[in-house]
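Novice: Need coordinates for the below:
(one chain, ligands or ions: 1)
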Amino acid sequence: MGIQITPSILNTDFSRLGEEISRISSADMVHVDVMDNHFVPNLTFGPSMVEALSRATDIPLDAHLMIEDADRNAPAYAEAGASSVTFHVEAAKAPIRLAREIRALGARASMALKPATPIEPYEDLLPELDMLLVMTVEPGFGGQKFLDLCLPKIRRARALMEKHGVETWLQVDGGVSLETIERCAEAGADVFVAGSAVYSAADPDAMVRQLKATAEAASPLV
Ligand SMILES: O=C(CO)[C@H](O)[C@H](O)COP(=O)(O)O
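Specialist: Presented below is the predicted three-dimensional model:
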């Protein structure tokens, strides 16, 4: 699949989301940050918004669920039309069963790790996942500073994927910009969420293309 850029719409104008998405036509996916005001101290979208967005664009929706009780709540986002559904392992009681349920509903199953959550206890889950998300900020808000301390985890995750021989995508999310994307790509990430970097640019679509070219130049995978 190569390098993918998935702009986050978290810091856009929610009163005109369709237009905001039409400004990033080069995006590989649209990253939809779902927050429940419990798992994180912020509140955003629910399944009905994902369903509405799926009608507003042909770009696949990448739903990142920062919500409690993922086992019960995540399948609704696959049913709502998200192409990829990411649950947090910290909020899931039975991650393997949940990943299988998401796949059975026709979506890509993905699991996220907060900055302090290690990958090693979950390496046997990798064959069950289409994508692993390594958070590079504390989840909850856009516009935060990239945490360099997460880079070793990205490297370890890539090494574990090679060890298990899986095709799982490795996504990074939080503080990704032209300044930080090279470090993530060099460490082995291949899917990049970028919110403020894209939407604060004068031409968001040109920024998507520039981020992609920068990551491609730095990636050992391409
Ligand atoms: O998951 C998130 C916050 O919890 C956002 O996707 C992320 O922070 C994107 O915004 P930015 O690129 O501005 O950091």
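Novice: Now do the phi/psi pair for the residue in the chain positioned nearest to the ligand.
Specialist: Per C-beta to the nearest ligand atom, Gly195 is where the chain lies closest to the ligand, at 2.7 Å. For the C-beta atoms, the positions are set from N, CA and C on the backbone; glycine is no exception. When read as degrees, to the nearest 10, the backbone of Gly195 gives phi -100, psi -80.
Novice: okay, now it: neighbour count?
Specialist: By the criterion of other C-beta atoms under 10 Å, Gly195 has 25 neighbours.
Novice: That one contacts Thr6, doesn't it?
Specialist: No. Gly195 is beyond contact range of Thr6, at 9.8 Å (criterion: C-beta atoms under 8 Å).
Novice: which residues are in contact with both of the two?
Specialist: Jointly contacting Gly195 and Thr6 under the rule C-beta atoms under 8 Å, 6 or more residues apart in numbering are His31.
Novice: in stretch 152-171, what's buried?
Specialist: Using 16 or more other C-beta atoms under 10 Å as the test for burial, stretch 152-171 gives 153-154, 156-158, 160-161, 168-171.
Novice: which residues touch Phe39?
Specialist: By C-beta under 8 Å, 6+ apart, Phe39 lies in contact with 66-68, 88, 90-91, 139.
Novice: Next one, pLDDT for it please.
Specialist: Note for Phe39: predicted pLDDT of 98.
Novice: ok, which residues in the protein are in contact with the ligand?
Specialist: Applying C-beta under 6 Å from any ligand atom, one finds that the chain approaches the ligand through 8, 10-11, 31, 33, 64, 137, 139-144, 173-176, 193-197.
Novice: Turn the buried ones among these into a named PyMOL selection, would you?
Specialist: Paste this into PyMOL to select the buried members of those, with burial taken from 16+ other C-beta under 10 Å:
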select buried, resi 8+10+11+31+33+64+137+139+140+141+142+173+174+175+176+193+194+195+196+197
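Novice: Where strands are concerned, which of the residues of the chain next to the ligand count?
Specialist: Counting by DSSP state E, the part of the residues of the chain next to the ligand found in strands is 31, 33, 64, 173, 193-194.
Novice: any chance of these in JSON lines, plus pLDDT and distance to Glu128?
Specialist: Formatted as JSON lines, those follow (pLDDT from 0 to 100; distance: C-beta to C-beta, whole Å):
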{"residue": "His31", "pLDDT": "98", "distance to Glu128": "22"}
{"residue": "Asp33", "pLDDT": "98", "distance to Glu128": "23"}
{"residue": "His64", "pLDDT": "98", "distance to Glu128": "18"}
{"residue": "Asp173", "pLDDT": "98", "distance to Glu128": "20"}
{"residue": "Val193", "pLDDT": "98", "distance to Glu128": "22"}
{"residue": "Ala194", "pLDDT": "98", "distance to Glu128": "27"}
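Novice: of all these, which comes closest to Pro118?
Specialist: Asp173 (17.2 Å; C-beta to C-beta).
Novice: check contacts around that closest one.
Specialist: Residues in contact with Asp173 (C-beta under 8 Å, 6+ apart) are 8, 31, 64, 112, 133-137, 193.
Novice: Let's see that with 10 Å instead.
Specialist: Shown in contact with Asp173 (C-beta atoms under 10 Å, 6 or more residues apart in numbering): 6, 8, 31, 33, 62, 64, 86, 112, 133-137, 139, 142, 184, 189, 191-195.
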